[in-house]
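J.: Sharing a model that was predicted from the sequence below.
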Amino acid sequence: DVKVTQSSRYLVKRTGEKVFLECVQDMDHENMFWYRQDPGLGLRLIYFSYDVKMKEKGDIPEGYSVSREKKERFSLILESASTNQTSMYLCASSWVSRGTDTQYFGPGTRLTVL
Amino acid sequence: AQSVTQPDIHITVSEGASLELRCNYSYGATPYLFWYVQSPGQGLQLLLKYFSGDTLVQGIKGFEAEFKRSQSSFNLRKPSVHWSDAAEYFCAVVPYSGGGADGLTFGKGTHLIIQP
């Protein structure tokens, strides 16, 4: 079974802090994704990566950056957390390029910024 | 840009009754279509997907969906719901870009409530 794990289920940070959300997948997937989920808005794509050290902006990249130094790990970075970044963050991974393959999701990290 | 509309924010169905969740997409060509389910406190799980071929797609947990190009729809159905089907359901699309990864574009979700 594909397993996507996220470093924390719940996280509380203060405004202005630098926040790292970690995601690890164990299936040698090429692609990895970060989404945020907000009530009434569904899931929105923040960033994705199709290879080590490669990244592409999604629909809402402002205020975020990412890092992919190893194939299995994809980190989402909030350089200076703000209250409007309080949300559920979901990581996903998939096999091949072109985006047609199933994306497998982690359990999510619920981030609260005070 | 593609978009996905799930017109029903909440749906309440009696246990044992049939279910249909609506999904409409907006995209110039045929997109790739997905339905995901999110149970409380869980990540998303794929129910089914459509790329091409037979427009009626079978998925897990007894769900099926039908792609109708003329209506730009991909509605999810189940003939008889169980209490364990109570969850949030998301329809999603990804365009065929000819190369590279693409993130999913999700609808806003439909919250399914099952009445005993």
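T.: That came through fine.
J.: drop to CA atoms for contacts and neighbour counts, all remaining ones
T.: Fine.
J.: quick one: contacts for the most centrally placed residue in chain A?
T.: Centrality entry for chain A: nearest residue to the mean C-alpha point is A:Trp34, 2.8 Å, by C-alpha atoms, centre = their mean. By C-alpha atoms under 8 Å, 6 or more residues apart in numbering or on different chains, the contact list for A:Trp34 reads A:45-48, A:76, A:89-92.
J.: and if we set it to 6 Å?
T.: A:46-47, A:90-91 (C-alpha atoms under 6 Å, 6 or more residues apart in numbering or on different chains).
J.: Kindly report the same for A:Lys18.
T.: Taking C-alpha under 6 Å, 6+ apart as the definition of contact, the neighbours of A:Lys18 are A:78-80.
J.: Only whichever of those residues are buried, select them in PyMOL.
T.: Applying 16 or more other C-alpha atoms under 10 Å in any protein chain shown to those leaves a buried subset, and the PyMOL line that selects it is:
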select buried, chain A and resi 78
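J.: Serialize the contacts of A:Lys18 to a markdown table and add fields for distance to chain B and pLDDT.
T.: Supplementary listing: these in a markdown table, determined by distance: C-alpha to the nearest C-alpha, whole Å; pLDDT from 0 to 100:
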| residue | distance to chain B | pLDDT |
| --- | --- | --- |
| A:Leu78 | 20 | 97 |
| A:Glu79 | 23 | 94 |
| A:Ser80 | 25 | 96 |
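J.: want to try TSV for the contacts of A:Lys18, with secondary structure as columns?
T.: Below are the contacts of A:Lys18 laid out as TSV (DSSP: H, G, I helix; E, B strand; the rest coil):
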residue	secondary structure
A:Leu78	strand
A:Glu79	coil
A:Ser80	coil
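J.: Ignoring the adjacent residues along the chain, who's closest to A:Val24?
T.: In space, A:Val24 comes closest to A:Arg73 once its chain neighbours are excluded; the distance is 4.5 Å by C-alpha to C-alpha, 6 or more residues apart in numbering or on different chains.
J.: Okay, and the beta partners of the one you found?
T.: In this structure, A:Arg73 bridges to A:Val24, A:Lys70 when assessed by DSSP bridges.
J.: B:Val4 against B:Tyr25, yeah?
T.: Yes: the pair B:Val4 and B:Tyr25 passes the contact test of C-alpha atoms under 6 Å, sitting 4.4 Å apart.
J.: and the residue nearest to A:Val24, what pLDDT?
T.: Confidence at A:Arg73, expressed as pLDDT, is 97.
J.: That one: neighbour count?
T.: Taking other C-alpha atoms under 10 Å in any protein chain shown as the criterion, the count of residues near A:Arg73 is 18.
J.: That one and A:Met27 touch, don't they?
T.: No: the pair A:Arg73 and A:Met27 does not pass the contact test of C-alpha under 6 Å, sitting 11.1 Å apart.
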